[in-house]
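In: Sharing a sequence plus its predicted fold:
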Amino acid sequence: MSGTLFCFGLGYSALRLACALTREGWDVAGTCRTEEKRAELEAEGITTYLMNHSEQPDPSVFDAATHALVSIPPDADGDPVARTFGDPLARSERLQWLGYLSTTGVYGDKQGGWVDENTPVDPNTERGARRVAAERAWLALYQTQGLPVHIFRLAGIYGPGRNQLESVRAGNARRIVKPGQFFSRIHVDDIVRVLRASMAHPRPGAVYNVCDDEAAPPQDVVAYAAQLLGVDAPPEIPFEEARLTPMARSFYADNKRVRNDRIKTELGVSLAYPTYREGLEALVRTLASERA
């Protein structure tokens, strides 16, 4: 399978997909916010256009795209890509698939209970509410104009350069304990695996939870990272005593476990990292090989 991918936003997850496809001969283009980032991406072979408060690409730049990925977060006025480019994308004659990267935060707080794609959205943070509005904007474009939209609700993302091994090594990892708290996670390479499976088998209008098999308390992940590195785990800190920023504290407002059955049964995905253990073990092996 090959084609032309246009990424609205080339952040951590989108760039991982873009680089994987570029290596296989896909034509990949996308947007970023600064000239410095643009130069970095062009060096990776990705044609890049500026998209920020003062500059927007002309819609003609994605006319050739067979696939599009949207990873830019919504703002207070809604989803900026749907707002500006939804109609031109819907008129495209070549576009076969569009993926929107959302978040499991749309489900809100379930006090540790399970959610799946049929669970009604019920966000309890502003970020979650904005994501719900963005999802609805994209799905409306599917329902009214036939845009081939697919929604991916991502759990907490980790991978190379962004994981608890890094924070333990840096000495800033914290084991904050809130009894009964669960977080779901997903390795960035498994996000790429899910997206590629959907691109190969599109089902416009579909919604997928993208997470691994085991929701776990965050302090357990820190402790396992320390174990893999052969160092003492940082001491536990009761949640009530932790000095957290408002942003960090808001993550603890959502407590749920996320089911991922649909990516397996519908897309046939087999996760490379079914729990955080396999993911961290692979990352620590990479660290070891880099030191050798």
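Out: Received the coordinates, thanks.
In: gap between the nearest residue to Gly113 once chain neighbours are set aside and Val231?
Out: Closest residue to Gly113 apart from its sequence neighbours, by Cβ to Cβ, 6 or more residues apart in numbering: Lys256 at 6.2 Å. C-beta: built from backbone N, CA, C; applies to glycine. To Val231, Lys256 is 31 Å away according to Cβ to Cβ, to the nearest Å.
In: Tell me the helix or strand right after the helix or strand of the chain with the lowest mean pLDDT.
Out: Lowest by mean pLDDT, DSSP states H and E among the helices and strands of the chain is helix 246-251, with a mean of 84. Sequence-wise, the next helix or strand beyond helix 246-251 is strand 257-258, with elements assigned using DSSP states H and E.
In: Could I get the full set of strands for the stretch 51-200 of the chain?
Out: Defined through DSSP state E, counting those that start in this stretch, the strands belonging to the stretch 51-200 of the chain, from first to last, are 67-70, 97-103, 114-115, 149-154, 156-158, 175-177, 185-187.
In: check contacts around Leu15.
Out: Counting by Cβ atoms under 8 Å, 6 or more residues apart in numbering, Leu15 touches 7, 41.
In: again with Ala206
Out: Contacts of Ala206 by Cβ under 8 Å, 6+ apart are 150-151, 198, 266.
In: Let me know the closest of the residues you listed to Tyr252.
Out: Top of the list for closeness to Tyr252, among these and by Cβ to Cβ, is Ile151 at 24.9 Å.
In: And for the closest one, nearest residue in space, chain neighbours not counted?
Out: Leaving out its chain neighbours, the residue that sits closest to Ile151 by Cβ to Cβ, 6+ apart is Val207, at 4.4 Å.
In: May I have the phi/psi pair for that neighbour?
Out: For Val207, the backbone dihedrals are phi -120, psi 130 (criterion: degrees, to the nearest 10).
In: For Asp213, see how far away it is.
Out: In this structure, Val207 and Asp213 are separated by 19 Å, where distance is defined by Cβ to Cβ.
In: Same drill for these two, tell me which one is more crowded.
Out: When neighbours are counted by other Cβ atoms under 10 Å, Val207 comes out ahead of the other of Val207 and Asp213, with 20 against 14.
In: thought the more buried one was touching Glu117?
Out: Yes - with contact defined as Cβ atoms under 8 Å, Val207 reaches Glu117; the gap is 4.9 Å.
In: what residues are shared contacts of these two?
Out: Taking Cβ under 8 Å, 6+ apart as the contact criterion, the common neighbours of Val207 and Glu117 are Arg153.
In: how about JSON lines for the strands of the stretch 51-200 of the chain, with mean neighbour count and distance to Leu5 added?
Out: What follows is the strands of the stretch 51-200 of the chain, written out as JSON lines (neighbours: other Cβ atoms under 10 Å; distance: least, Cβ to Cβ, whole Å):
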{"stretch": "strand 67-70", "mean neighbour count": "25", "distance to Leu5": "5"}
{"stretch": "strand 97-103", "mean neighbour count": "25", "distance to Leu5": "9"}
{"stretch": "strand 114-115", "mean neighbour count": "16", "distance to Leu5": "30"}
{"stretch": "strand 149-154", "mean neighbour count": "24", "distance to Leu5": "14"}
{"stretch": "strand 156-158", "mean neighbour count": "21", "distance to Leu5": "19"}
{"stretch": "strand 175-177", "mean neighbour count": "19", "distance to Leu5": "38"}
{"stretch": "strand 185-187", "mean neighbour count": "26", "distance to Leu5": "20"}
